[in-house]
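Novice: Give me a model of this one.
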Amino acid sequence: MEDSLHIAEPVALVRPRGAHRFEAFSPKLKRRLTFYRRCAFDQWVLIESDPAIGHFCERPGFIQFRERRHLADFLVSYSDRQELILLPDPVIDEEAKEGLELNADAVNVRLVDAAEHAASRVWIENWLRMLPSIVATQGLVSVSLLDAVERFVASPKPLSAIEREFSKGDPVLVRAAIFNLLHTGRVHAEELRTDALSWMTKFAVRESDDASPKA
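Specialist: You can find the predicted model right below:
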């Protein structure tokens, strides 16, 4: 992407009075993130769990959109495009001087409404259970284990069968391996969109000819 935006760091934001503080660690970015709105935290989970998104930045800068100056919530980068995301009730700041000024004509702007998050609630909650496992085991899951688990789920296998197959190893790392494979798009688990993660959740290798992976 020749005209890609390159954001060094997110815009600093003072915690709004009375707002909750949500802390997270992003495996994609390998750094901590702080949010003051639940909708921003939920959107991060959706971004983090999408293997088609290679990079992102929270609060990348300000954008003049529909005659108001908004603080964009996210800039996400795919292999072939970038996208600015505005969440419900976006932060409007007419006075702030610090922060990159973004051009709405140069990048697609996507408005996300509350209904989209409501429809993804099960998926979000499942990833909130899996991400801590990925974060806690960073650097501990071997390439050989990842490859072995991927081969084992060449046909769909429930989580219980995966852990039983590799029972001689550390069960924490085995579970982290399957979650890492899901995070990077090497396997998929469609049930996680509608059902809570369980021993019966099936994971399967993703076909190599799948041009647009959805975890």
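
Novice: what's the weakest-modelled helix or strand in the chain?
Specialist: strand 101-102 (a mean of 80; mean pLDDT, DSSP states H and E).

Novice: Measure how far the following helix or strand past that strand is from the centre of its chain, please.
Specialist: Later in the chain than strand 101-102, the nearest helix or strand by DSSP states H and E is strand 108-111. The chain centroid and the centroid of strand 108-111 are separated by 17 Å, computed with C-alpha atoms, centre = their mean, to the nearest Å.

Novice: how far does the next helix or strand after strand 108-111 sit from the chain's center?
Specialist: Per DSSP H and E, the first helix or strand lying C-terminal to strand 108-111 is helix 114-119. Helix 114-119 sits 16 Å away from the centroid of its parent chain (C-alpha atoms, centre = their mean).

Novice: How about the helix or strand harbouring Ala161, which residues are buried there?
Specialist: Secondary structure assignment for Ala161, by DSSP H and E: helix 159-165. For helix 159-165, a neighbour-count test (16 or more other C-beta atoms under 10 Å) marks 159, 161-163 as buried. C-beta here means a position set from N, CA and C on the backbone, and glycine is covered the same way.

Novice: now stretch 106-126
Specialist: So stretch 106-126, judged by 16+ other C-beta under 10 Å, has buried residues 107, 109, 112, 116-117, 120, 123-124, 126.

Novice: Leaving out the residues flanking it, which one is nearest to Ala204?
Specialist: Pro156 (4.0 Å; C-beta to C-beta, 6 or more residues apart in numbering).

Novice: Distance from the helix ranked longest in the chain to the middle of the chain?
Specialist: In the chain, assigned by DSSP state H, the helix with the most residues is helix 121-136. Computed by C-alpha atoms, centre = their mean, the chain-centroid distance of helix 121-136 equals 10 Å.

Novice: which residues of this structure fall in helices?
Specialist: 38-48, 114-119, 121-136, 143-152, 159-165, 171-183.

Novice: helices or strands up against the shortest one?
Specialist: Contacts of helix 114-119 with other secondary structure elements, assessed using 3 or more C-beta pairs under 8 Å, 6 or more residues apart in numbering; DSSP states H and E, are made with helix 38-48.

Novice: Run through who's touching the helix it packs on.
Specialist: 20, 22, 24, 26-28, 33, 35, 53, 56, 58, 73-74, 76, 85, 87-89, 112, 114, 117, 120, 123-124, 127-128, 131, 183 (C-beta atoms under 8 Å, 6 or more residues apart in numbering).

Novice: ok, Lys202 touching Lys157?
Specialist: Yes: taking contacts as C-beta atoms under 8 Å, Lys202 lies within contact range of Lys157: 6.5 Å.

Novice: between the two, which one's more packed in?
Specialist: Lys157 (21 against 18; other C-beta atoms under 10 Å).

Novice: so how many other residues sit close to the spatially closest residue to Val122 that is not a sequence neighbour?
Specialist: Distance criterion C-beta to C-beta, 6+ apart; nearest residue to Val122, sequence neighbours excluded, is Thr194 at 6.0 Å. When neighbours are counted by other C-beta under 10 Å, Thr194 registers 9.

Novice: Lovely, talk soon.
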